Structure formats: structure tokens, C-alpha cells
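Student: Need coordinates for the following:
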Amino acid sequence: MPLVGYLEFARAHRRFLGFGFLLACFSSVGQTYFVGVFGPSIMAEFSLGHGAWGGLYMAGTLLSAAALPFTGRLVDQVELGRFALGVIALLVLAALAAALVPAAWLLVPTIFLLRQSGQGLASHLMRIAMARYFTTGRGKALALGGLGFSLGEALWPLAGVAAIGALGWRSTWLAVAGLCLAVLLPAALWLLRGQAERHAAWLADAAAAEAKPGAARSWTRREVLRDGRFWLFLPAVTAPAMIVTALFFHHLTLAESKGWSAAWITGSYVFYAAAGILASIVAGPLVDRFGARRLLPGLLLPLIAGLAVLASFDAPLSAWPYLIAVGLTGGAAATLYPALWAELYGTRHLGAIKAMAAALMVFASALGPPLLGLLFDLGVPGETSCWLFAGYCAAATACLLAGLARERPMAKAA
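Tutor: Residues are numbered from 1 along each chain as shown. Have a look, this model is predicted:
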């Protein structure tokens, strides 16, 4: 799709796409690439080792994963604007809790709030909104809204490092809460004008489509759980979440082992973000033309290449191709996965299905940091860990291919 196609699409749907973009950007509040820059300060204040900090982070993330199937399905039942206000309120509460946390054990509920509000519900809501309300142009909508993730990846970690140095880590979290109230809240209210009419039109279109003889029927979450393809896709779906979360959570430790400064690795996130933007923009029209299923087999190949670079080179400039390769997988995944569930299972129960898939991805992301932290504590070199992760990606791709070989169409309406 030429650039003009994107521009025309963005102009026609600028407000709703802007809502998705902004929500994706502010999901950074609970994403590992931002929370991770607070790691050294938190470990120093509460006298925690890498394994202990990773374990606390895992516990909070697992709690978020357990809650997400229940909280995420509410987007199918609650008006989208009200749901968005609840998510924003939770983001503010999470940032305030992080600023005021008095003891190490309270890091668990604090991490839960951060992960549930940012990584969980803000990301979930953005993807559901873009996938549900766009049938024609769904790939482009997910790509354009997903640019907010890339902007967040580029700006929030670098801004966090600078703010921690200037203000301290607790005051930085207070500033984050203020940004959510002063910027995200009023902007979301303005951008969501007209949502009631949009939702009514979607309900009417969905009902009319399913009423046609032979039309594809939307699956329920219970039916999806009985679909063998879902479980074969799962290792590949969760691989970026587990591996990239582990790497970003321990990036400062990895950087130190290679002689890189914190400013160098966080400043290099712009390459990760730029690659994510490129991959997302390219993937959007490809999804609209070919479908997400046909694009999936190559998704993890850039991640494997990035892990190989990180394992093989110590020169500071090697951070750039590493982050570019990882960003390509991340950007493409942000567009492909939401479109995949809509293609496979329909949109009527998409919130519940996507919440279940997101919970499994959050669970995988919870395993990554403590696993890598434990390997560090055991003296396993980071290079060895990277090769292990690359092997997992190869195995996950094999499972994905097996799932595609079993592909079958959605059941038809009577």
C-alpha cells in the first residue's frame, strides 16, 4: 500500500486512530522497557539482588496475567469510553503506588498494578479497538495505532533515565502520574467523541454479517481453548513477550557486561523503535492483502538474528543491529497477532479471546526476567542465554508451521 493510502486512511479516521496511538504510547508506564530502568535504583534502595528483583517482578506480572482474562473480557461488556477511563485511572494509581512503595514486599502489588494497567489493559484496549472497529483496513489501523508503542519505546526509557538522574526514582513516578492526568485523560475524552455511533454501527454490521447464510461465525473463548491450532501457535505468540521482556528488564546488566553505559543502551532504543515502526507500517497493508496467517512463519527470524548479534559481538555499535532486528519482530507482531485472532475466530468475542491470549503472553513475560536473572546469578554468560533463547524461537516456529498445516476455516452460521 503506497504511503498515500496510509495518509488517506489516517485522515479519514484520525480521531479514533489517535486514541489508539496515545493509549499505546502511555502503555509504556507498565512495560518492562520503562519499568526496567528503575531496577538499579529499586535494588539499591531495598537491597535486592538480580534474582530477588526478578522474582518480585515475576510475581506481580503473574498476578496480572491471572487477572487479565477477567478484566480484559470486560471490554466486550462495558462501553469503550468508560473502559478507557477505568484504564487511565488504574495507570495513575499504579504510578502513585510506585512512587510511594515503602517496603520490598509491597513491590509485588505495585508491579501488579503497573503491569495490569500498562502492559495489560492499555495495550489490550488499543488492539481490541483497532481490530474490532475496522474490518476493511484492519491491518493499517493496527499498524498506525501501534506506532504509539514504538514512540513509547523510543522516548520513555530515555526520559526515565534522565528523570531519575535529575529527580530521583520516586519523584519520576509522581511525574508519570501527573502526565497521565494532564495529557492522557483529556486527550482520550476528546479523541473518543462519536464512539457511541461507531459502536452501534459495528453491532449492526456484525449482526447482519452473521445472519447471512453460510457466513463465518465468531468463536467463543471456550471453543478457542478446544482448538488445537491455538496451542500450536502459542509458543511463537509468547516468544517475543518472554524473550524481549527478559532482555529489556536486564538491559543495564547486559550493557555493563559488555562495557556499554546505561545512556548508550537506552539511547539506542530509538533504533528498536524505528525498526518497530517500519515493520508495523509494512505489515499493515500486507495483512490487509494476504492475511496474518500467511505472514506468520517469518515473524521470529529477525529476533533470532538479533539474539545472534547480541551473543556474538561486544562492540558498542553492535547494539544497533541487535535492537533493529528485535524491533522488526516486535513491530510486526504488534500488527499480526491481533489481526490473527480476528481472522481465525471473528470479532464478536474478540475481547475475551484476546484477553486470554494476552494473559498467556503476560505469563510468558513474567518468566523471562527471573529466568535470565537466575542465569546471571548462577554465572551463566549472557551470550549463552541468548543462544538458548534463539533455540526456543526456532522450536516455536516449527510448532507454528505445524499449526498452519492444520488450518481449518471458522464454522459457518446456519
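Student: what about the helices in the stretch 101-250 of the chain?
Tutor: When assigned using DSSP state H, counting those that start in this stretch, the helices of the stretch 101-250 of the chain occupy the ranges 107-114, 123-133, 138-167, 169-179, 185-191, 195-211, 221-225, 228-249.
Student: Report the rounded mean pLDDT for the second one.
Tutor: The pLDDT scores in helix 123-133 average 87.
Student: and residue 307, how many neighbours does it have?
Tutor: Other residues near residue 307 number 26, with proximity taken as other CB atoms under 10 Å. Every C-beta, even on glycine, is put in place using the N, C-alpha and C of the backbone.
Student: just residue 222 next, same as before
Tutor: Neighbours of residue 222 (other CB under 10 Å): 9.
Student: May I ask which helix or strand of this structure has the lowest mean pLDDT?
Tutor: Within the chain, no helix or strand scores below helix 195-211, which has a mean of 70 by mean pLDDT, DSSP states H and E.
Student: would you put the C-alpha positions of stretch 371-379 in PDB?
Tutor: Taking C-alpha atoms only, stretch 371-379 is exported to PDB below (Å, rounded to 0.1, in the frame of the first residue of the first chain):
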ATOM      1  CA  LEU A 371      14.900 -16.800  34.300                       C
ATOM      2  CA  LEU A 372      17.600 -14.500  32.900                       C
ATOM      3  CA  GLY A 373      18.300 -13.100  36.400                       C
ATOM      4  CA  LEU A 374      18.800 -16.600  37.800                       C
ATOM      5  CA  LEU A 375      21.200 -17.500  35.000                       C
ATOM      6  CA  PHE A 376      23.200 -14.300  35.800                       C
ATOM      7  CA  ASP A 377      23.300 -15.300  39.500                       C
ATOM      8  CA  LEU A 378      24.500 -18.700  38.500                       C
ATOM      9  CA  GLY A 379      27.300 -17.200  36.500                       C
END
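Student: tell me the angle of the host helix or strand of residue 89 relative to helix 169-179?
Tutor: Using DSSP states H and E, residue 89 maps to helix 80-100. Here the directions of helix 80-100 and helix 169-179 differ by 160 degrees (axes from the mean of the first three to the mean of the last three CA atoms, to 10 degrees).
Student: and helix 80-100, what does it pack onto?
Tutor: helix 14-26, helix 107-114, helix 123-133, helix 169-179, helix 185-191, helix 195-211 (3 or more CB pairs under 8 Å, 6 or more residues apart in numbering; DSSP states H and E).
Student: where are the low-confidence patches of the stretch 151-300 of the chain?
Tutor: Along the stretch 151-300 of the chain, segments meeting pLDDT under 70 span 205-217.
Student: just to revisit the earlier point, could you dump the helices and strands packed on helix 80-100 into TSV and include mean neighbour count?
Tutor: Below are these laid out as TSV (neighbours: other CB atoms under 10 Å):
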stretch	mean neighbour count
helix 14-26	23
helix 107-114	23
helix 123-133	27
helix 169-179	19
helix 185-191	16
helix 195-211	13
